[in-house]
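In: using only what follows, build the 3D model:
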Amino acid sequence: MSHINLIMNECIMNCKKCIIHCKKMTGMKDCIAACEDCIVCCNIIIKCNFNNKKLYNYVLKLCSIACKICIKECKVHKEHDACNKCVESCKKCINLYK
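Out: Predicted coordinates:
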């Protein structure tokens, strides 16, 4: 498994844990939605074998944007361990695009 896929899988795993945690509380729909979008974008990177490097870079940029949104939503709930782990995983994804 490639380095990128490991980072994406970690992000997916932590987003799923965050969703599970947040579904137990009220007022967390924005956090859950951001995590769900992040999972979709990370899965695209993992599952698609891009022949076109430019297209791959655009999708990686999309994933980076989804992760930034996820970080913004999860930081609101920084007192929750699941949200903090999600933030840290999303930061790793964003660093791939830099």
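
In: rest of the way, CA atoms for contacts and neighbours
Out: Noted.

In: which residue is nearest the middle of this protein?
Out: When Cα atoms, centre = their mean is applied to the chain, the residue found nearest the centroid is C38 (3.8 Å).

In: next up, the contacts around it.
Out: Taking Cα atoms under 8 Å, 6 or more residues apart in numbering, we find C38 in contact with 12, 15, 63, 66-67, 70.

In: and those residues, which is the shakiest by pLDDT?
Out: Least confident entry in the contacts of C38, by pLDDT: C63, with 93.

In: and it, what is it in contact with?
Out: By Cα under 8 Å, 6+ apart, the contact set of C63 is 38, 41-42, 93-94.

In: mind doing that once more with 7 Å?
Out: Applying Cα atoms under 7 Å, 6 or more residues apart in numbering to C63 gives the contacts 38, 41-42.

In: could these be laid out in TSV, adding distance to K78?
Out: What follows is these, written out as TSV (distance: Cα to Cα, whole Å):
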residue	distance to K78
C38	18
C41	23
C42	22
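
In: among those residues, which lie within helices?
Out: Among those, the members falling in helices (DSSP state H) are 38, 41-42.

In: dump these into TSV; add distance to I7 and pLDDT as well.
Out: Formatted as TSV, the ones in helices among the contacts of C63 follow (distance: Cα to Cα, whole Å; pLDDT from 0 to 100):
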residue	distance to I7	pLDDT
C38	13	96
C41	13	94
C42	9	93
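
In: how many other residues sit next to V59?
Out: V59: 19 surrounding residues under other Cα atoms under 10 Å.

In: ok, now K16?
Out: 19.

In: over to C67?
Out: Neighbourhood size, C67 [other Cα under 10 Å]: 28.

In: could you point out which element follows the worst-scoring helix or strand of the chain on mean pLDDT?
Out: Ranking every helix and strand in the chain by mean pLDDT, DSSP states H and E puts helix 53-75 at the bottom, with a mean of 91. Moving toward the C-terminus from helix 53-75, the first helix or strand encountered (DSSP states H and E) is helix 81-97.
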